[in-house]
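Student: how would this look folded up:
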Amino acid sequence: MALHQDLLRQARQLAMHEPKRPKQASLRRAVSAAYYALFHLLASEATNRLITGPDRDALRAVLRRAFDHSAMKEACKEIVKPNAGKLNKGMSGHVVPVALKQVAEAFVDLQQARHEADYDVSRTFTRAEALDMVDLAEQAFIDWQTIRRTIPADVFLAALLAQRGMCR
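Tutor: This next block holds a predicted model:
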């Protein structure tokens, strides 16, 4: 099982861990795990697409470390702009599918929720909120499967890693 799938499963387990009175620690970790599930799904897809062939696992693992959370967020914001904003140059005339926009929006929303869960101790999460974030990540996984082999998806994956260079 891939890390991103394990994280998504763990996120739901954490949100449901205490049946009656969920602890904030469990709910916060659930939100964080939901974000990291999507982060690792996209980083894995990008590196697997970029580096193919046998005996390349070590190189893919090293490249995954190059993904920057804020740059990924900016790439997500760019892809949802009309005509894919500055990423339009690589689209070869293709329109960004709604499902890809939903993946990008989910990434931004999950990242914001993760920041709140990890750093804002005054913020209280409910089980419903944590489960909403897990559901959002699960839906992003589903949406990704429907568009992952499209040109806009390839542009998006490249922008996640090279956002600064592609959005000039």
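Student: tell me which helix or strand residue 11 sits in.
Tutor: Assigned by DSSP states H and E, residue 11 belongs to helix 3-16.
Student: and that helix, what does it pack onto?
Tutor: helix 24-50, helix 127-147 (3 or more C-beta pairs under 8 Å, 6 or more residues apart in numbering; DSSP states H and E). Placement of C-beta: from N, CA and C, glycine included.
Student: ok, and which of those has the densest surroundings?
Tutor: Burial of these is given as mean neighbour count (mean count of other C-beta atoms under 10 Å); helix 24-50 ranks first at a mean of 21.
Student: so which bits of the helix or strand following that helix are buried?
Tutor: Where DSSP H and E defines the elements, the next helix or strand beyond helix 24-50 is helix 57-64. By neighbour count on 16 or more other C-beta atoms under 10 Å, the buried set for helix 57-64 is 60, 63, 64.
Student: relative to residue 50, how far out is the second one?
Tutor: Read it as residue 63. As judged by C-beta to C-beta, to the nearest Å, residue 63 and residue 50 stand 7 Å apart.
Student: contact partners for the residue nearest to residue 118 when sequence neighbours are not counted?
Tutor: In space, and not counting its chain neighbours, residue 118 is closest to residue 32: 5.7 Å by C-beta to C-beta, 6 or more residues apart in numbering. By C-beta atoms under 8 Å, 6 or more residues apart in numbering, the contact set of residue 32 is 114, 117, 118.
Student: how close does residue 32 get to residue 160?
Tutor: Distance from residue 32 to residue 160, counting by C-beta to C-beta: 19 Å.
Student: equivalent analysis for residue 43, please.
Tutor: Distance, residue 43 to residue 160, by C-beta to C-beta: 7 Å.
Student: returning to that earlier point: how about CSV for the helices and strands packed on helix 3-16, with mean pLDDT and distance to residue 102 added?
Tutor: Shown next, in CSV, are the helices and strands packed on helix 3-16 (pLDDT from 0 to 100; distance: least, C-beta to C-beta, whole Å):
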stretch, mean pLDDT, distance to residue 102
helix 24-50, 97, 11
helix 127-147, 98, 5
